[in-house]
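> Provided below are the primary sequence and the corresponding predicted coordinates.
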Amino acid sequence: MPPSNFKYDLPANKPSHVVKEEHIEYGFIGKLQNLKYEYRADIRDRASLEGNFREKFEALNRVKLSDGEFARLLDEIVTPDVFTSAKTLRTINAFTREDGTPLNYTLVNIKDWCKNTFEVVNQLRINTDYSHHRYDVLILINGVPCVQIELKTLGLNPKRAMEQIVDYKNDPGNGYTKTLLSFLQLFIVSNRTNTYYFANNNARHFAFNADERFLPIYQFADEASNKITQLDEFADKFLVKCTLGQTISRYMVLVASEQKLLMMRPYQVYAVKQIVDCIHQNCGNGYIWHTTGSGKTLTSFKASTLLKDNPDIEKCLFVVDRKDLDRQTREEFNRFQEGCVEENTNTAALVRRLLQGDRHHHPEARFGAGRKQQAQQTTNEERQGHLQRAAGTPERQAHRFHF
């Protein structure tokens with residue numbers, strides 16, 4: 001299919017609802033082609049989907065699997081547990097080959113998601129033992145289905161598409177649990193003028209509530225919080241290949257304590273990017289000004305986890321000025337990732353940890369909760385000794401961000 005500049009032109013004197021769903025679909029595929037996605041008209045069923053995945057897997061991992069090995073690989077990685085699939089997608093995994101040799105592999109290029117292949121397929125039909133579903137548009141990253149887009153005609157509420165996805169997922173033996181579709185990370189629904197997106201999740205986190213509202217759903221926005229809801233404009237901002245790769249790899253949170261995938265809100269993503277860029281460029285200190293309940297703790301958690309991967313950063317501290325905030329922050333951080341934060345009971349313990357040289361001693365960069373009452377327990381002699389020891393360490397730039 002050649003690239004398209006389809007603009008959804010309407011027949012003269014006709015109401016807007018006459019624009020058919022397939023017109024929106026092919027116009028949207030043309031938009032993705034303009035964004036350098038490869039359209040794969042040949043992938044229309046489970047067999048062709050798996051064949052394409054096999055080709056991409058073998059190229060990425062520089063291996064040639066036998067038919068038996070590939071069938072066993074699929075059996076190992078396909079699971080109805082969305083959280084497990086999300087972890088498999090983001091990590092290095094192990095597989096034992098037929099001759100007993102180990103194979104460490106990844107499903108995608110996890111070091112640089114921009115270097116993966118990005119493909120788009122439409123009207124994929126997945127038949128399993130108990131269900132026969134067809135999906136409007138899927139985005140494949142290195143052959144792995146990561147994004148599903150369901151489209152409705154103008155005038156129909158996108159909620160219809162949400163209901164359809166929930167119904168599909170509730171069918172016994174559906175493709176989301178029995179095939180590579182188990183790796184879907186997010187869903188996008190649109191009627192061309194209103195576009196929403198939300199994370200995939202296990203059933204207990206994926207349903208309508210009593211008010212028939214799907215939670216949580218998001219509308220994309222720019223840095224000035226202007227909503228971007230028109231489908232083509234949304235694609236230009238959200239579905240650029242590297243942007244989508246970063247959204248999945250950097251700005252989704254796997255909440256271990258709840259076995260749940262969590263999308264970061266647009267303003268949280270912008271805040272994290274500003275923090276990381278400011279520190280990388282050595283621009284000094286800054287403020288992150290968010291209201292109560294807006295997710296400041298999640299923003300700081302994600303910024304810290306991204307910064308710890310920077311070899312120039314040795315320690316990351318989270319400082320609060322009240323004991324209740326200390327407890328609350330530690331509980332929230334450990335909810336996102338168990339055991340990722342260390343409590344400091346006094347200033348001496350904090351300084352001792354700051355002077356430790358092993359930055360990878362803990363799964364995450366260390367955090368210190370400062371308390372005025374505990375700080376007073378440290379004697380002047382202790383402070384002087386710490387300062388003398390610190391004086392012998394290389395001078396480093398410190399950055400402060402106030403939330």
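Great, that's in hand.
> Can you pull out the low-pLDDT segments for the protein?
For the chain, the stretches flagged by pLDDT under 70 are 1-19, 128-131, 173, 208-215, 339, 342, 357-403.
> Please enumerate the strands of it.
Remark: strands assigned in the chain by DSSP state E are 38-39, 93-96, 102-105, 118-127, 132-141, 144-151, 186-190, 195-199, 252-255, 260-263, 286-287, 401-402.
> can you redo these as JSON lines with distance to residue 178 and mean neighbour count?
(C-beta placed from N, C-alpha, C; glycine too.) Putting the strands of the chain into JSON lines (distance: least, Cβ to Cβ, whole Å; neighbours: other Cβ atoms under 10 Å) gives the following:
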{"stretch": "strand 38-39", "distance to residue 178": "26", "mean neighbour count": "16"}
{"stretch": "strand 93-96", "distance to residue 178": "20", "mean neighbour count": "13"}
{"stretch": "strand 102-105", "distance to residue 178": "22", "mean neighbour count": "12"}
{"stretch": "strand 118-127", "distance to residue 178": "8", "mean neighbour count": "20"}
{"stretch": "strand 132-141", "distance to residue 178": "11", "mean neighbour count": "20"}
{"stretch": "strand 144-151", "distance to residue 178": "13", "mean neighbour count": "24"}
{"stretch": "strand 186-190", "distance to residue 178": "18", "mean neighbour count": "23"}
{"stretch": "strand 195-199", "distance to residue 178": "21", "mean neighbour count": "21"}
{"stretch": "strand 252-255", "distance to residue 178": "22", "mean neighbour count": "18"}
{"stretch": "strand 260-263", "distance to residue 178": "20", "mean neighbour count": "20"}
{"stretch": "strand 286-287", "distance to residue 178": "48", "mean neighbour count": "12"}
{"stretch": "strand 401-402", "distance to residue 178": "45", "mean neighbour count": "12"}
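> I'd like to know which of these is closest to residue 234.
strand 195-199 (4.6 Å; Cβ to Cβ).
> re the thing from before, closest to residue 321 out of the strands of the chain?
strand 401-402 (11.1 Å).
> which one of the strands of the chain lies closest to residue 171?
Closest among the strands of the chain, once you apply Cβ to Cβ, is strand 132-141, at 7.4 Å.
> Also compute the angle for that closest one relative to strand 144-151, please.
Angle of strand 132-141 versus strand 144-151, following axes from the mean of the first three to the mean of the last three Cα atoms, to 10 degrees, is 120 degrees.
> Adjacent strands (with direction) for strand 132-141?
Next to strand 132-141 in the sheet, as set by DSSP bridges, lie strand 118-127 (antiparallel), strand 144-151 (antiparallel).
> Compile those strands into a markdown table and extend it with columns for distance to residue 277.
Output for these, formatted as a markdown table (distance: least, Cβ to Cβ, whole Å):
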| stretch | distance to residue 277 |
| --- | --- |
| strand 118-127 | 24 |
| strand 144-151 | 26 |
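> Looking at those, which is nearest to residue 84?
Residue 84 lies closest, by Cβ to Cβ, to one member of those: strand 144-151, at 14.4 Å.
> There's contact between residue 157 and residue 193 in this structure, I believe.
No - the pair residue 157 / residue 193 is not scored as a contact, 11.1 Å apart, by Cβ atoms under 8 Å.
> end-to-end on stretch 92-112?
Stretch 92-112 has an end-to-end distance of 14 Å (Cα to Cα, to the nearest Å).
> what's in contact with it?
By Cβ atoms under 8 Å, 6 or more residues apart in numbering, the residues outside stretch 92-112 that reach it are 57, 60-61, 63, 65-66, 68-69, 73, 76-77, 88-91, 115-116, 141-142, 144, 183, 249.
> Kindly report the same for stretch 253-262.
Stretch 253-262 is contacted from outside by 81-83, 86-87, 90, 185, 199-202, 205, 252, 264, 298, 301-302, 334-338, using Cβ under 8 Å, 6+ apart.
> ok, now with 10 Å
Residues from elsewhere that reach stretch 253-262 (Cβ atoms under 10 Å, 6 or more residues apart in numbering): 81-87, 90, 185-186, 198-202, 204-206, 216, 248, 251-252, 263-264, 268, 295, 298, 301-302, 305, 331, 334-340.
> all helices for the stretch 251-400 of the chain, in order.
Per DSSP state H, counting those that start in this stretch, the stretch 251-400 of the chain carries helices over the ranges 266-280, 296-307, 323-336, 347-355, 372-375, 380-391.
> Single out the most deeply packed of those.
helix 296-307 (a mean of 21; mean count of other Cβ atoms under 10 Å).
> Would you agree residue 174 is in contact with residue 135?
No - taking Cβ atoms under 10 Å as the definition, residue 174 is not a contact partner of residue 135, at 11.1 Å.
> which neighbours do those two share?
Shared contacts of residue 174 and residue 135, defined by Cβ under 10 Å, 6+ apart, comprise 126, 168, 181.
> Would you format the residues you listed as JSON lines with distance to residue 32 included?
Formatted as JSON lines, the shared contacts of residue 174 and residue 135 follow (distance: Cβ to Cβ, whole Å):
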{"residue": "126", "distance to residue 32": "21"}
{"residue": "168", "distance to residue 32": "22"}
{"residue": "181", "distance to residue 32": "19"}
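> who's in contact with the residue nearest to residue 275 when sequence neighbours are not counted?
In space, and not counting its chain neighbours, residue 275 is closest to residue 303: 4.5 Å by Cβ to Cβ, 6 or more residues apart in numbering. Contacts for residue 303 (Cβ under 10 Å, 6+ apart) come out as 268, 271, 272, 273, 274, 275, 276, 279, 288, 316, 401, 403.
> hang on, the fourth one packs against residue 251?
Yes - under the criterion of Cβ under 10 Å, residue 273 is in contact with residue 251, at a separation of 8.9 Å.
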